[in-house]
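S.K.: everything below, folded, please.
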Amino acid sequence: YTLELFMQRLAAIVCHVKGLNAMQNDQTHKVHQTDFTAGSGNALQAVVATIFGVQLEECPNFVQAPEGYEAAMQSWLAARGWTMKKLPLEDGFLKKSSGAAPGDKCIVRGSSPRGDFAHVVVGSIKASDDATSETLGVDFWHDPHPDGSMLKPPLVWVAVFEPSLTLIGHAAFRSFRNVWMLEELGIPYKHIEARPRTAEANAANPFGKIPSLIDGDFTMYESAAINTYLGDKFRARLGAPDLVPRAGTKERGRYEQLVCCLMAEMDAQGLWIHRKHESLPKMVPQSFQAIPEAVTAARSHFDKVLGIVLDDLQRSGDYLLGETFSAADILFVHCLNWAEAIGWLPAPECGDDTPLLAEYLGRCRDRNAYKRAAAKK
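M.R.: Numbering: from 1, shown residues only. This is a model prediction of the structure:
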């Protein structure tokens, strides 16, 4: 019990920035500009393509956008789950308090050595040789101009990139559902591995529970609602799988029905009752009361609901919504994992459906995104 409280109060914070670190290690992907017109060329386009590991034609020429290059870049980045932060340079240095980290790829803006106009190159944030210094430096890494002469002073600003999404909640809890969803979508995110009632959890959720999702100036909680939001927000973007059916369709109605059933009947009236009246009374006896009769009734209800959902699965196909994996499967598998952990599986109600359940779990757990999420538990 003491260890549990200690773990809750420490709540390790880990930033999971999917994708960018891999790009930073790619020393071969360098894109060059093709338009050299002063003031409207595509050096910025080539720099962004280099940093994000895409081809030149996959980025627009941001400086020619009618809304301005910053707005155009933020829009392009948002579709990929990123946001950009411009940081001013003073004599070629930026403050450690800026949030930039050594090794981060960045855009560096300075003066062109070829004339009296601005230019940008790909840079890398570097630590100061002086450990006591409160500043960070910048190294040049790639000049999109073919002559490779980089920049001349003064250096004006750098632009760094960070995920637009922050997930709060340790993957050992219901937050696992959201970690798995984000991994399936391939969207970058910052992951704060907080436990319930910690400062991070309390700041994002009035109940002090986890998970919570922060998307810019918007914060929401409830794991199933978060996954539906993510599925709608990133639908079919950049090859991301379609894990939530479109609103207003029969498929969406069936999806909502399954999610509500699993949350209300299997989670809240089954698994949570076990945690509240069997597991937690052993850990926090002053706050929770052991009620064996309630747990017995909850187990019986769980078995009944499981039998109904498995009958549904047998009619549907490989997954709950048919032949395609969805966010409903993420929720169901997490509930099954929970049941397995407390000894509620195999369930008597499964009967002849035991092989069906085993095959279904095997399919879902064999997904690469599931394995990445499970590694965070």
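S.K.: residue boundaries of the strands in the stretch 101-250 of the chain?
M.R.: Taking DSSP state E, counting those that start in this stretch as the criterion, the stretch 101-250 of the chain contains strands spanning 105-111, 118-127, 135-142, 152-163, 165-168, 190-192, 212-215, 218-221.
S.K.: redo those as TSV? Include mean pLDDT.
M.R.: Below are the strands of the stretch 101-250 of the chain laid out as TSV (pLDDT from 0 to 100):
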stretch	mean pLDDT
strand 105-111	96
strand 118-127	95
strand 135-142	95
strand 152-163	95
strand 165-168	97
strand 190-192	96
strand 212-215	97
strand 218-221	97
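S.K.: beta partners of the closest residue to Ala159 other than its chain neighbours?
M.R.: Take Ala159 and drop its neighbours on the chain: the residue closest to it by C-beta to C-beta, 6 or more residues apart in numbering is Ile107, 4.1 Å away. (Glycine included, C-beta is placed from N, CA and C.) Residues found in beta-bridge contact with Ile107 (criterion: DSSP bridges) are Val122, Ala159.
S.K.: number of residues surrounding Ile107?
M.R.: Here the neighbour count serves as a burial measure; for Ile107 (other C-beta atoms under 10 Å) it reads 22.
S.K.: likewise Asp232?
M.R.: Under the criterion other C-beta under 10 Å, the count of neighbours that Asp232 has is 14.
S.K.: any idea how far it lies from Pro245?
M.R.: In this structure, Asp232 lies at 10 Å from Pro245, with C-beta to C-beta, to the nearest Å as the measure.
S.K.: Arg252 now?
M.R.: Using C-beta to C-beta, one obtains 4 Å as the distance from Arg252 to Pro245.
S.K.: any chance of the strands of the stretch 101-250 of the chain in TSV, with distance to Pro206 too?
M.R.: Putting the strands of the stretch 101-250 of the chain into TSV (distance: least, C-beta to C-beta, whole Å) gives the following:
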stretch	distance to Pro206
strand 105-111	37
strand 118-127	37
strand 135-142	37
strand 152-163	24
strand 165-168	13
strand 190-192	17
strand 212-215	10
strand 218-221	8
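S.K.: picking that back up, so Arg252 and Pro245 - more neighbours on which side?
M.R.: Here Arg252 and Pro245 are set side by side on neighbour count (other C-beta under 10 Å), and the busier one is Pro245, at 23 against 16.
S.K.: that one contacts Glu251, correct?
M.R.: Yes. In this structure, Pro245 is within contact of Glu251 by C-beta atoms under 8 Å, at 3.7 Å.
S.K.: for this structure, where's the lowest mean pLDDT among helices and strands?
M.R.: Lowest by mean pLDDT, DSSP states H and E among the helices and strands of the chain is helix 2-10, with a mean of 41.
S.K.: helix or strand next in line after the helix or strand harbouring Cys364, which one?
M.R.: Remark: Cys364 resides in helix 354-365, with elements defined by DSSP states H and E. The first helix or strand that comes after helix 354-365 along the chain, using DSSP H and E, is helix 368-374.
S.K.: identify the contacts common to Pro245 and Glu251.
M.R.: By C-beta atoms under 8 Å, 6 or more residues apart in numbering, Pro245 and Glu251 have these common neighbours: Leu321.
S.K.: do a quick rundown of the helices in the protein.
M.R.: Across the chain, reading from the start of the chain, the helices by DSSP state H fall at 2-10, 20-24, 43-51, 69-78, 175-185, 199-204, 223-233, 250-261, 272-274, 280-283, 292-316, 327-341, 354-365, 368-374.
S.K.: can you list these in a markdown table and add distance to Val158?
M.R.: Compiled in a markdown table, the helices of the chain are given as follows (distance: least, C-beta to C-beta, whole Å):
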| stretch | distance to Val158 |
| --- | --- |
| helix 2-10 | 33 |
| helix 20-24 | 15 |
| helix 43-51 | 11 |
| helix 69-78 | 14 |
| helix 175-185 | 27 |
| helix 199-204 | 28 |
| helix 223-233 | 28 |
| helix 250-261 | 43 |
| helix 272-274 | 48 |
| helix 280-283 | 48 |
| helix 292-316 | 51 |
| helix 327-341 | 37 |
| helix 354-365 | 42 |
| helix 368-374 | 30 |
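S.K.: for Gly148, find the nearest of the ones you listed.
M.R.: Nearest to Gly148 among the helices of the chain is helix 43-51 (12.4 Å), distances taken as C-beta to C-beta.
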